[in-house]
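K.L.:
structure of the sequence below:
(3 chains)
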Amino acid sequence: MVILEGKGLTKYFRGLSALQSVDFKVEEGSITGLIGPNGAGKTTLFNLISGLFSPNHGTTTFHGMDITHLRPDRICHLGISRTYQLIRPFLGLSVLRNVLVGIYYGRDGTLPKKKAEEEAGSILEFMELSSKATYRADQLNTGERKRLEMARALGTNPKVLLLDEVIAGLNPAETTTIMKRIEATRDKGVTVFMIEHVMKAVMGLSDRVIVLHHGEKIAEGTPQEVTTDPGVIKAYLGDKRI
Amino acid sequence: MASIIVQLLIIGTLQGGIYALAAFGLALIFGVSNVLNLAHGQFLMLGGLFSYILFMATKWNPLLLSLILIPLFFGLGFLFERGLVRPLLERKGHELVIASILVTLGASLAIEDITSFFWGPEEKGISYMMPSIQMGSMVISSIRLLGLLFIVLLTVAVHLFLKKTYTGRALRATTQNRQGAMLMGVNTFRIGSITFGIGTILASAAGVFYVILFTITPFIGIPLSIKYLCIIVMGGLGSLYGSLLGGLILGITEAITGYFAPHWSETAAFFILVAILLIRPKGLLG
Amino acid sequence: MKKIHIVIFIGLILFILLPHFTPRYMTAFLLLLFMHIVIAESYDIVGGYLGYINMGHSAFFGIGAYTFAILLNGNFGFFLSSLAAILVGVLFAALISFPFFRLRGAYFSLATFGLIRLFELLAFNLRSLTGGSSGIMIKAEYRLTLAYYFTLGLCVLTVGLIFLLTRSRLGLAWTAIREDEEVAQTFGINTLKHKCVALMISASFASLMGAFYTWYIIFINPKVVFGLEIALVPISMAMLGGSGALIGPIVGAFFITIVEEILWTKVPYFHLAAYGIAIVLVGLFMPGGIVRLKWLRKPLMRLGLLED
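P.N.:
Take a look at the predicted model:
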């Protein structure tokens, strides 16, 4: 069942085309990868989905419902949550309070204080951040901050989780940890749509992969199909024969 | 009626020109350093004050005297930035706004108090008589025309500086993209000080016109700073020339309402200020 | 009960008993101090916690003052006039929220600063309503002690409410908005609504204080309630003491008021200059305010007066 879908998405920034007629489908309960060379428009696509701005043309639908022009906070309440490529936790807040923001405000409906704090605690445990609960977000290292971003997004009890390069920049141990967490999240019934550059991770985790290049979708399919697609290879490696 | 309108337009353009001049200087400063300079109005006041003092001593044409003040005020602005503003530049966002308000406001209060102590709180004005010009049925004060000419020349001079010289282009680059300019080899810190110098010259020049056409007291600085800051916000904080436009609009509005409903001129001006901001949050040309 | 609570309690008792055993000028002095605390603290809701430096905060004070004066002279009585003062202030806050909160950072601060000047001019010009530059005199006698208790009460109420609010979910939303407004939106926070609520709460305290102050001082004019002094002093108190911390504005208010008192008696000149230089130094060396100075932070946090 398709849970998230985009049709004909086009976005210009002052005359520069960031996305051109992009169609995509994400199946419910899957892990779908979004890859492409730098500047391909991947984060722009995420920004469109989460409502930070509207496309010039095209629509995004969630469970068949048109969410193209909805406000970001509405989209979050509907069940779409995200992390940020340039890690943006609430730096002045503690790890715990970062997650609490999502719990108190990101859900459809709200929880009483005690339940909310319990929820936050279990999410932090899930993301292996319990020991850092009272630390301020700006006191964490990169790996911890990326896990915090994911924890905060999970606080909103999302149905779709948009992960923007959560693995890039992590050491092998941290990478393995977070990959396990992503799988565990999917096992809980959350659909994962992830932008990633680390090929091993994307290909290892994804059920399907979508490839963007210069704002256009150039390939789509299983990791196997995509890595052997000549267009994809050309986009990443250029035309020179190896 | 027509001659009244023309007179009003001339007065308005002149007044607007004075606003535009000082606002342009402030826009340059904000564009480069990203600092709300509440002390800008004080430099205007000091410009007027110093030219008054010089005039009283020499009785020369005050517009010519203002040329002497140019290097002086460049130095003042330069030093002000070096000493008080540059240390703040490493702060970010919220903290930078607080710090720049505190520092420039504090400096303004100190300047105002010390000035009123040494030179007295009374109004000062220069009356420099020059023959009026007769054009048809209208009598136009030639000091006003000369003032307008000076303002235009100054503005054109700064504009040419910005367009044609290396420093000028480096300055514009810094306002557009500080990081990028640094990567291109621009010493953005030095540009910051130079810009403050230039901006201060423009403020003091506006002050000279102020003391000729109106009067000044040591206390006009802070209300004027607020007005100028509002003008540059109205013109669009990203645009240098928006403030020129904003200043002109304000001046003409004040002149016209000043004639038909004198008590309401400043109010009308502020109304327009706030209204423009609300219709176009990024300012006129932002 | 922690030690600090006992100290606060004792302090309150002292302030309540004070008018009975000190000279009148001391009571008046404290009244002004508490008034500044109310304005500074209410400013800090939006300026410190929400992160929008509202330079026009004293406009609410002035609006409350004039509303109260006009209605009291219209024989509406103390209670109704005060209530009206709050309502008009809050309504005004709601009205300007929609346009003004579209502005960010410096834009917002300047537009709100311009607003005060606009009000000062309006108060000047709408002579039939406001008495113009001659101001309004309310029909009442000079009453120090009662005004003192009202102000003290409002001060305690303001600080107490801010204490509760900033620890609540609402406070969490405000801080999230301050930290990163765009991200806060994607986590379900309707930022416009929350900013509007913050401004309305902030306005309510300031406008009621304006009413009480008018009741005390009996005579107001545009310069007193919309002037630069009332606009800048409480805000600099909040910044000097420490914006975004509950005791920040209180410390700032005490500091500035006491220093001013001492200076007044010793040195007849250069008060404004000294004040100016002081805030320059604060801006350069203590951007977080007094309470966040390295050697003060730890002790204050241990006392439970400062949160991280």
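K.L.:
name the surrounding residues that touch stretch C:219-231.
P.N.:
With contact meaning C-beta atoms under 8 Å, 6 or more residues apart in numbering or on different chains, stretch C:219-231 is reached by B:222-223, C:39, C:55-59, C:61-62, C:65-66, C:69, C:113, C:116-117, C:119-121, C:123-124, C:130-138, C:210, C:213-214, C:217. The C-beta positions use only the backbone N, C-alpha and C, and glycine is treated the same way.
K.L.:
of those, keep whichever come out buried.
P.N.:
Buried members of these, counted by 16 or more other C-beta atoms under 10 Å in any protein chain shown: B:222, C:39, C:55-59, C:61-62, C:65-66, C:69, C:113, C:116-117, C:119-121, C:123-124, C:130-132, C:135-136, C:138, C:210, C:213-214, C:217.
K.L.:
thinking again about what came up before, in strands, which of the contacts of stretch C:219-231 appear?
P.N.:
C:Ile136, C:Met137 (DSSP state E).
K.L.:
where do the strands of chain A begin and end?
P.N.:
Secondary structure of chain A by DSSP E: the strands cover A:2-13, A:16-27, A:31-35, A:57-62, A:65-66, A:80-82, A:160-164, A:191-195, A:208-213, A:216-221.
K.L.:
including mean pLDDT and mean neighbour count, could those go into a markdown table?
P.N.:
Shown next, in a markdown table, are those (pLDDT from 0 to 100; neighbours: other C-beta atoms under 10 Å in any protein chain shown):
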| stretch | mean pLDDT | mean neighbour count |
| --- | --- | --- |
| strand A:2-13 | 93 | 18 |
| strand A:16-27 | 92 | 18 |
| strand A:31-35 | 94 | 25 |
| strand A:57-62 | 95 | 18 |
| strand A:65-66 | 94 | 10 |
| strand A:80-82 | 95 | 29 |
| strand A:160-164 | 95 | 24 |
| strand A:191-195 | 95 | 24 |
| strand A:208-213 | 93 | 23 |
| strand A:216-221 | 91 | 18 |
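K.L.:
in a markdown table: the ones you listed, plus distance to chain B.
P.N.:
Below are these laid out as a markdown table (distance: least, C-beta to the nearest C-beta, whole Å):
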| stretch | distance to chain B |
| --- | --- |
| strand A:2-13 | 16 |
| strand A:16-27 | 16 |
| strand A:31-35 | 28 |
| strand A:57-62 | 24 |
| strand A:65-66 | 28 |
| strand A:80-82 | 23 |
| strand A:160-164 | 22 |
| strand A:191-195 | 25 |
| strand A:208-213 | 26 |
| strand A:216-221 | 28 |
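K.L.:
tell me which of the ones you listed lies nearest to chain C.
P.N.:
Nearest to chain C, of all those, is strand A:80-82, at 6.2 Å by C-beta to the nearest C-beta.
K.L.:
which strands and helices lie in contact with that closest one?
P.N.:
Applying 3 or more C-beta pairs under 8 Å, 6 or more residues apart in numbering or on different chains; DSSP states H and E, one finds that strand A:80-82 contacts helix A:42-50, helix A:142-155, strand A:160-164.
K.L.:
strands paired with it, and their directions?
P.N.:
strand A:160-164 (parallel) (DSSP bridges).
K.L.:
appreciated, that's everything.
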